[in-house]
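Student: Take this sequence and fold it.
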Amino acid sequence: SMAIYSGRDELSVALSDVAFTVSISCLVIGVGFTLRQAILGLRRQTHYAVFLSHHKSSGACAARLVKYMLQRELRRPIFYDCDDLSSLSEVFNAVKQSGCLCVMMSGETLCRPWCAGEIVTAFQYGIHMVPVALVDEVDKWSTFSPMERESLIAEQFEPLRAYGFVPEAVPEAFAALLNVAPIRLNLCACDAELRHVMRAIIASCLDPAALDRLIAATKGIGNIMSNTSSETGKLKSSTDRARSDTHPKNLILCDPESSEGAAAAHLLRQMLQVLMQESVAVDLELPFDLFCGIVIGGALKAVLFVLSPETSLRRGSQLARLGALFKMRPQAQVMPVIRSGGFVFPDQAYFVGLEREVLDFSGCLALELPDEMTPRDVADALKLLLKGIAKFLNIPMANTADLAVGVRSIAERLRIMGQVPPARQLQGGLHSLTRTGAHFSL
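Tutor: Numbering: from 1, shown residues only. Below is the predicted model:
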């Protein structure tokens, strides 16, 4: 009997040991699997270094420019919807997988449902938010009354609840975003100033504490966190930058009063310089005397004229420079580039109104024109421009690959245009222009 009981005790102990070992093994495997999932989850959360939140109609070109510059500096994925979004249902997951949400504040950003959803998602998941305010754009949300805000949330934001968006969280999330001092982005600034602001955006996105150090180290380049900037300092930095390169091979003309047009011009300049390995200037950073000097100078080979659908044909400053270009260089090689769809070409009534100075911007145009020029000269220049084959470049909606193809085709056309001898382009042009109170002799 004792032997039987002893055998049973040994069997029980052995079975207990096996059960204990199996339990421990299962526990270790479970902990390991949990840790692995947690690590993978962390990796997914930081798949994108920065998520660019923007409003298409007024901030898409600016967001595309910021993405291009961030990508070149960081060499890490930057979320831009046209490149990375296959379905609207995935947009909030992309925010969760981002290290930072960079919000392009372009007037109506906070009034757009998907932008609001991105901000709320970032707030709820503790993702760092960086507001980037476009200079001269007014944040419409801040002008609304509490009742108007409630109405907007109920009417516009409620349908996104099906995607996991919580409209009730909008006020608190927006308050958290607006509590952060915005980085001011002046798209009509010179290239050096743009790069300075981009360093501030990078510092704020990756290491918020580094932004204070950057501002302290670069006090002489303007106040990037201020609502106002020194006009004298801005003009000086633009002029100094322009005078450092007075012999560009290519020149881009754009609307200086359109932030989207200016962003498109800066983006084209940067991409073309990389592709062509030639200097490219943007006229919005050039005082009129330097603009005339470049046009007359023997180095200039080709010109791009960026047409903004909503503004280009109604800006006196841009039209005056186009007229001056053809007045000084009648056979200039100029290619029109339409930066997005929806451009309406002018009819005969427009040209008649332009020549008779009866359009709503005629007074501004008269102030911008050199003394040797008339509105008829501007009308003739515009007709010459529009005779050329326009290149449509849908910067707001194109993905990176399509945009690169479009810019490469522009670069090829510029190379062909640049084969025309400068002497032929200059034949018959004026070598001096006068504005009342100033004379520019080239």
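Student: Touching, Ala49 and Glu73? I think so.
Tutor: No - when contacts are counted by Cβ atoms under 8 Å, Ala49 is not listed as touching Glu73 (10.2 Å). For the C-beta atoms, the positions are set from N, CA and C on the backbone; glycine is no exception.
Student: what about those two, which has more around it?
Tutor: When Ala49 and Glu73 are compared for neighbours, Ala49 comes out ahead with 20 against 13, by other Cβ atoms under 10 Å.
Student: Leaving out chain neighbours, which residue sits closest to the more buried one?
Tutor: Arg76 (4.0 Å; Cβ to Cβ, 6 or more residues apart in numbering).
Student: Quick check: neighbours shared by Ala49 and Glu73?
Tutor: Here Ala49 and Glu73 have no joint contacts, going by Cβ atoms under 8 Å, 6 or more residues apart in numbering.
Student: pLDDT weak spots in the stretch 251-400 of the chain?
Tutor: Within the stretch 251-400 of the chain, the stretches with pLDDT under 70 are 341.
Student: Now do the strands in it.
Tutor: For the stretch 251-400 of the chain, strands defined by DSSP state E, counting those that start in this stretch occupy the ranges 280-282, 302-307, 334-338, 391-392.
Student: pretty sure Met104 is touching Val66, no?
Tutor: Yes - here Met104 reaches Val66: they are 7.1 Å apart, a contact under Cβ under 8 Å.
Student: so what sits against both of those two?
Tutor: With Cβ under 8 Å, 6+ apart as the test, Met104 and Val66 both reach Leu52, Val132.
Student: Of these two, which one has the most company?
Tutor: Val66 (26 against 22).
Student: next SSE after the one helix or strand the more buried one maps to?
Tutor: Following DSSP states H and E, the helix or strand that holds Val66 is helix 56-74. Following helix 56-74 in sequence order, the next helix or strand is strand 78-79 (DSSP H and E).
Student: Mind listing the strands that following strand pairs with, and their directions?
Tutor: strand 50-53 (parallel) (DSSP bridges).
Student: pull the CA atoms of the strand it pairs with into CSV?
Tutor: The C-alpha trace of strand 50-53 is given here as CSV (Å, rounded to 0.1, in the frame of the first residue of the first chain):
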residue,chain,number,x,y,z
VAL,A,50,5.0,65.1,-39.8
PHE,A,51,1.3,65.2,-40.9
LEU,A,52,0.5,68.2,-43.0
SER,A,53,-3.0,69.4,-42.3
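Student: Quick check: which of the strands of the stretch 251-400 of the chain is buried the most?
Tutor: Most buried of these, by mean neighbour count (mean count of other Cβ atoms under 10 Å): strand 302-307, with a mean of 26.
Student: Residues contacting it, please?
Tutor: So strand 302-307 is contacted by 249-255, 261, 264-265, 268, 312-313, 322, 325, 332-339, 343, 385, 390, 410, 414, 417-418 (Cβ under 8 Å, 6+ apart).
Student: Just these: which are in helices?
Tutor: Counted as lying in helices by DSSP state H, out of the contacts of strand 302-307, are Gly261, Ala264, Ala265, Leu268, Leu322, Leu325, Leu385, Ile410, Leu414, Met417.
Student: What is the distance between stretch 327-336 and the centre of its chain?
Tutor: In this view, stretch 327-336 has its centroid 28 Å away from the chain centroid, taken as Cα atoms, centre = their mean, to the nearest Å.
Student: re earlier: what separation do you get for the residue nearest to Ala49 and Leu319?
Tutor: 42 Å (Cβ to Cβ, to the nearest Å).
Student: who has more neighbours, the two?
Tutor: More crowded of Arg76 and Leu319, by other Cβ under 10 Å: Leu319, with 24 against 14.
Student: Check the burial of the spatially closest residue to that one that is not a sequence neighbour by counting its neighbours.
Tutor: Spatial nearest neighbour of Leu319, chain neighbours left out: Val378 (5.1 Å); criterion: Cβ to Cβ, 6+ apart. Val378 has 25 neighbours, counted by other Cβ under 10 Å.
Student: How about the contacts made by Val378?
Tutor: Val378 touches Leu319, Ala320, Leu322, Gly323, Leu354, Leu365, Leu369, counting by Cβ under 8 Å, 6+ apart.
Student: OK, contacts around the most centrally placed residue in the chain?
Tutor: Central residue of the chain (Cα atoms, centre = their mean): Ala62, 1.9 Å from the mean position. By Cβ under 8 Å, 6+ apart, Ala62 lies in contact with His54, Met104, Ser106, Leu134, Leu185, Leu187, Ser259, Glu260, Ala263.
Student: Can you report how many residues neighbour the residue nearest to the third one when sequence neighbours are not counted?
Tutor: Once flanking residues are discounted, Ser106 sits nearest to Gly59: 3.2 Å by Cβ to Cβ, 6+ apart. The tally of other residues near Gly59 (other Cβ under 10 Å) stands at 30.
Student: Gly59 touches Val103, doesn't it?
Tutor: No - the criterion here is Cβ under 8 Å, and Gly59 misses it with Val103 at 9.6 Å.
Student: Quickly list what's touching both of those two.
Tutor: When contacts are counted by Cβ under 8 Å, 6+ apart, Gly59 and Val103 have Thr109 as shared neighbours.
Student: Run the chain-centre distance for the host helix or strand of Arg408.
Tutor: If you go by DSSP H and E, Arg408 is part of helix 400-417. Distance, stretch centre to chain centre, for helix 400-417: 19 Å (Cα atoms, centre = their mean).
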